[in-house]
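[1] Quick one, structure for this:
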Amino acid sequence: MATIFTRIINGELPGRFVWKDGQSVGILTINPVTPGHVLVIPRKEIDHWEQIDTPTFTHLSDVSQKIGRAVKQAYDAPRMGLLIAGLEVPHLHIHVFPAWSEELFDLRAAETDPDPDVLDESARRIRASLRAMGYQENVPDEPAS
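    Residues are numbered from 1 along each chain as shown. Predicted coordinates for the structure are as follows:
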C-alpha cells in the first residue's frame, strides 16, 4: 500500500508543495514545529534513510539545503534545523525548519492543529523566496483559490 507521502506526491491527497523535481518534492508539514517547516521527500518510497542510494541522498541533501536557504531568508531565522526522524511514516523524509532555539528540535512539540491560513502563507513565502533565488523551474504554481 502506498504511503501517505506517495499519495500526496501523486495528487491523491492535498499538499502544500514548495518544490518539485524528478526525484523529490518539498511540502509543508501539517504538524510544524514552527511556521516554515518543510519536509523534503524522495518520490521513491524508501523506509529507512540508511537504505537510500548515495546519488539520491546527495540530491535530497542538495534540495534540503536550497529549501533551507529559502526558508531562512523568508523567516529571517538565525539558524536552520534539519532532522531525519522516520518513525511516524515509513517513507524517508527530511525535516527542514527555521530554528530560534534547541527546543524546536523536539518533534513531539509540533503543532497538531495548525491554522490552514498560516500554512498557506508559509508556502507562499517559501515559494517566493525560492523563485527569488532562481529556482523557478522547481517551484510549483500556487494552487487556485
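
[2] Does the spatially closest residue to D47 that is not a sequence neighbour lie in a helix or a strand, and which?
    In space, D47 comes closest to P90 once its chain neighbours are excluded; the distance is 4.7 Å by C-beta to C-beta, 6 or more residues apart in numbering. Using the backbone N, CA and C atoms, a C-beta is placed for each residue, glycine as well. Under DSSP states H and E, no helix or strand contains P90.

[3] quick one: P90 and A2 touch, right?
    No - using C-beta atoms under 8 Å as the test, P90 is too far from A2 to be in contact (10.7 Å).

[4] Which strand or helix spans S61?
    helix 54-75.

[5] Now do that helix: everything it contacts.
    For helix 54-75, the external contacting residues (C-beta atoms under 8 Å, 6 or more residues apart in numbering) are 18-19, 21, 23-24, 26, 35-36, 38, 40, 42, 44, 46, 49, 52, 77, 79-80, 82, 92, 94, 96-98, 125-126, 128-130, 132-133, 135.

[6] buried subset of those?
    18-19, 24, 26, 35-36, 38, 40, 42, 46, 52, 77, 80, 82, 92, 94, 96-98, 125-126, 128-130, 135 (16 or more other C-beta atoms under 10 Å).

[7] so where is this structure shaky, pLDDT-wise?
    Confidence mapping of the chain against pLDDT under 70 gives the ranges 144-145.
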